[in-house]
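Peer 1: here are the coordinates; sequence isn't available:
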């Protein structure tokens with residue numbers, strides 16, 4: 001059993017111990033929803049993808065697994081040079097070297113302009129991913145440090161379910177606030193490179 005799987009099972013066991021008469025099936029289902037939301041909101045799970053350009057082709061399958069979902073793009077490059085992020089949702093006939101790229105949906109990259117004849121190379125994109133809730137896949141390694149946030153999210157969802165033996169409308173808002181705050185903290189940590197304070201290089205005076 002891998003570390004993230006063991007951690008996620010520990011989170012579910014901790015939730016079960018706090019939820020009167022809840023079944024493992026319910027916990028497993030709610031946990032998948034929490035995991036998907038956490039990955040979308042925090043952007044902790046990222047992957048660099050390289051998509052080879054084909055002259056005359058605008059849309060490209062990004063090649064992720066069926067159970068994965070690309071939530072967004074953090075950066076894009078063509079042949080080592082940054083390009084803009086965005087999508088034209090209307091048809092266009094412009095051709096040339098790709099200067100913009102974006103996700104048309106969670107599995108398809110759209111480039112602009114359409115690669116012209118003779119255009120080769122690849123567009124590299126850094127995407128952040130989530131897991132589809134309808135699949136039973138292990139969590140990615142990226143979630144390992146965040147068991148406490150996931151537990152708050154799971155308790156939030158379960159306590160707020162109406163008319164169940166484990167319903168607790170008094171505790172649900174407390175865990176909701178902790179979960180939302182935890183996600184925000186994770187995002188700030190990632191944006192700062194997990195450092196405790198920004199450090200700036202000071203150039204010597206000439």
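Peer 2: Yes, it's here. Small disclaimer: the values here were computed from a predicted structure and weren't measured.
Peer 1: poorly predicted segments of the protein, please.
Peer 2: Low-confidence segments of the chain, defined by pLDDT under 70: 1-2, 194-206.
Peer 1: try it again at 50.
Peer 2: Applying pLDDT under 50 to the chain picks out residues 198-206.
Peer 1: which residue ranges of it form helices?
Peer 2: 3-16, 24-42, 147-159, 172-191 (DSSP state H).
Peer 1: quick one: contacts for residue 130?
Peer 2: 36, 39-40, 45, 68-69, 71 (CB atoms under 8 Å, 6 or more residues apart in numbering). Placement of C-beta: from N, CA and C, glycine included.
Peer 1: measure the residue lying closest to it once chain neighbours are set aside to residue 155 for me?
Peer 2: Nearest non-adjacent residue to residue 130, counting by CB to CB, 6 or more residues apart in numbering: residue 39, 3.9 Å away. Going from residue 39 to residue 155 by CB to CB, to the nearest Å gives 18 Å.
Peer 1: same question for residue 32.
Peer 2: Distance from residue 32 to residue 155, by CB to CB: 15 Å.
Peer 1: ok, these two, which is more surrounded?
Peer 2: The neighbour comparison of residue 32 against residue 155 (other CB atoms under 10 Å) goes to residue 155, with 26 against 19.
Peer 1: quick one, what contacts the more buried one?
Peer 2: Going by CB under 8 Å, 6+ apart, residue 155 touches 15, 18-19, 171-172, 175.
Peer 1: mind redoing it with 7 Å?
Peer 2: 15, 18, 175 (CB atoms under 7 Å, 6 or more residues apart in numbering).
Peer 1: nearest to residue 139 among these?
Peer 2: In terms of CB to CB, no member of the contacts of residue 155 lies closer to residue 139 than residue 15, at 14.8 Å.
Peer 1: so how far is residue 147 from the closest one?
Peer 2: For residue 15 relative to residue 147 (CB to CB), the value is 11 Å.
Peer 1: and these two? Which one has more around it.
Peer 2: residue 15 (25 against 15).
Peer 1: quick check: closest non-adjacent residue to the more buried one.
Peer 2: Residue 15's closest residue in space is residue 154 (CB to CB, 6+ apart), at 4.7 Å.
Peer 1: go on, residue 27?
Peer 2: That would be residue 12: by CB to CB, 6+ apart, it lies 5.1 Å from residue 27.
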